[in-house]
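Undergrad: fold the following for me, if possible:
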Amino acid sequence: FDPRPAEARAASARDRADAERLRDAEGRGLVMLELPVDDIDADALVRDRMVLDAEEMGELKKSIQRGGLRLPIEVFPSPEGAKKPYGLLSGYRRLQAMRELRAASSEPTFATIKAVIRDPAAMGGTFAAMVEENEIRASLSHYERGRIAVIAVQQGAFGNVEEAVAALFPTASKAKRSKIRSFAVIFEELGDMLSFPDLIKERDGLKLAAALRDGAEGRLRAALAEKVPETAEEEAALIEAALARLMPSKADPARGGRPRKTFGAGPSVALKSGISLQAEEDGKGWLIRLSGKRVDRELVETTMRELEALLSSNLR
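TA: Model prediction:
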């Protein structure tokens, strides 16, 4: 029994309802707060964006000085025992710009920042939410995508890289996810050796990943250790030279000797799906080449498994 007057009980009920609505609105990111910049841990997550462009940062600071920060950052409540009350989910550049402006001017207006509190679990996890924000606002390089997938696995967010790529980039095509996994291999095997990894061209990166999968890590690391490049172009040349050394040299017909057996193309099949199969014999055996727009690493791996099962059953 509540001995308070009816009006007091009604007011208390309204307050509870208002508090519940406020908490719900905050959880859904509908309430904007002003948080001290010192209360936010910018390194609560390993960031997917590797490089902050100095020119873009300068433009952002000028924009904030002229008209204030228009877009809020996103934060999440830190776990108990963390060094700061909030962890940064998205808006690293905006937070960094506000901190630099405060350090340069000491104006109180730069001591706080507009923010909304998010529930990472409702957004697919902290890594997924951060990646989604950067994919929308500033497209990540394949290397940055592969890197954050590996880091997410290392920090226990996912069981393996394939699972991480599928969860972090759910709208990406199969071909794009295959490329991200290739660049994840580069980060795992050579990340500590590369000076400009986010500038590796897609074609060069896929060649590099293929060489690493073929066991060339040691030779590539030795080649990259010969010199520290000063530019991305210099590093690309080093990688190209290292890959060239891994390729088998062509035979010199002028050297003579016993004529080699001539090999050539075998049967070919064009499927209704748009995929073509071409058999070919070389000095080591038979090859089956798959070509077409729908051919990617996943399809090749599936085909390998089917061939394995077919050949295993036929040889029993």
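
Undergrad: domain map for this protein?
TA: For the chain, the TED database gives the domain ranges 31-122, 130-157+172-235.

Undergrad: can you say which of those is packed in most?
TA: domain 130-157+172-235 (a mean of 17; mean count of other C-beta atoms under 10 Å). Bear in mind the C-beta positions are built from the backbone N, C-alpha and C, glycine included.

Undergrad: what mean pLDDT does that domain have?
TA: For domain 130-157+172-235, the mean pLDDT works out to 83.

Undergrad: just to revisit the earlier point, could you dump the domains of the chain to CSV with distance to R16?
TA: Converted to CSV, the domains of the chain look like this (distance: least, C-beta to C-beta, whole Å):
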stretch, distance to R16
domain 31-122, 18
domain 130-157+172-235, 34
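
Undergrad: what's the burial count for V161?
TA: If you count neighbours by other C-beta atoms under 10 Å, V161 ends up with 20.

Undergrad: which stretches in the stretch 151-300 of the chain count as helices?
TA: Taking DSSP state H, counting those that start in this stretch as the criterion, the stretch 151-300 of the chain carries its helices at 161-168, 174-190, 202-213, 217-224, 232-246, 297-314.

Undergrad: closest to R70 out of these?
TA: helix 161-168 (27.4 Å; C-beta to C-beta).

Undergrad: which parts of the closest one are buried?
TA: 161, 164-168 (16 or more other C-beta atoms under 10 Å).

Undergrad: ok, stretch 272-291 next?
TA: Of the residues in stretch 272-291, I275 count as buried by neighbour count, 16+ other C-beta under 10 Å.

Undergrad: ends of it, what's the gap?
TA: 13 Å (C-alpha to C-alpha, to the nearest Å).

Undergrad: going forward, the N-terminal residue is numbered 836.
TA: Shifting the count to begin at 836 puts that one at stretch 1107-1126.

Undergrad: the residue most central in space within the chain is in what secondary structure piece?
TA: Among the residues of the chain, the one closest to the centroid is R980, at 1.6 Å (C-alpha atoms, centre = their mean). Assigned by DSSP states H and E, R980 belongs to helix 977-989.

Undergrad: list the helices and strands that helix packs on?
TA: Counting contacts by 3 or more C-beta pairs under 8 Å, 6 or more residues apart in numbering; DSSP states H and E, helix 977-989 packs against helix 961-972, helix 996-1003, helix 1009-1025, helix 1037-1048.

Undergrad: turn those helices into CSV, columns for distance to P1064.
TA: Shown next, in CSV, are those (distance: least, C-beta to C-beta, whole Å):
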stretch, distance to P1064
helix 961-972, 26
helix 996-1003, 27
helix 1009-1025, 13
helix 1037-1048, 14
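
Undergrad: how about those helices, which one is nearest R929?
TA: Here helix 961-972 is closest among the helices and strands packed on helix 977-989 (C-beta to C-beta), at 10.3 Å.

Undergrad: give me the beta-bridge partners of F911?
TA: Going by DSSP bridges, F911 is paired in beta bridges with G922.

Undergrad: didn't it look like it was pressed against S925?
TA: No - at 10.0 Å, F911 and S925 do not qualify as touching, with contact defined as C-beta atoms under 8 Å.
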